[in-house]
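Participant: Below is the structure, and that's it, no one-letter string:
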């Protein structure tokens, strides 16, 4: 598998809103920073954060675009991207967008997310 394949797998996994499917793509020592600035370190804390998002945002659509690869080798990959999401929060339509950075590492032949940092997009 190439690191480009990870992006599609991760997006598809997030669409399921099922942590059991997302979990296999996350490194045990991962960190995830949401666009509100909250940092979640380690798979157990990331699980709690993702499951909370999955329960709060109904019918979520999450899209990434403008992927820019900064590094790709046999064991590490880094990319930047724009993201957009929409869904129903508290029975109302909600949406957001921003920029992201992902660091992947290859572990046992599979690409895993080591860190994801989502931020606000400034014009």
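Facilitator: Alright, I've got the coordinates. These figures come from a predicted structure and were not determined experimentally. Residues are numbered from 1 along each chain as shown.
Participant: Please report the distance of the residue of the chain positioned farthest from its centre from residue 64.
Facilitator: Most distant from the centre of the chain: residue 91, at 24.0 Å, with distances by CA atoms, centre = their mean. Per CB to CB, to the nearest Å, residue 91 is found 27 Å from residue 64. For the C-beta atoms, the positions are set from N, CA and C on the backbone; glycine is no exception.
Participant: In contact with the residue farthest from the centre of the chain, which residues are there?
Facilitator: Applying CB atoms under 8 Å, 6 or more residues apart in numbering, we find residue 91 in contact with no residue.
Participant: Can you give me the distance of it to residue 60?
Facilitator: 14 Å.
Participant: residue ranges for the strands of this protein, please.
Facilitator: Assigned by DSSP state E, the chain shows strands spanning 26-33, 39-41, 57-72, 76-89, 92-107, 110-119.
Participant: which one of those lies closest to residue 48?
Facilitator: Closest approach to residue 48 among the strands of the chain (CB to CB): strand 39-41, 7.5 Å.
Participant: List the neighbouring strands of that closest one plus their orientation.
Facilitator: Take DSSP bridges as the rule and strand 39-41 pairs in its sheet with strand 26-33 (antiparallel).
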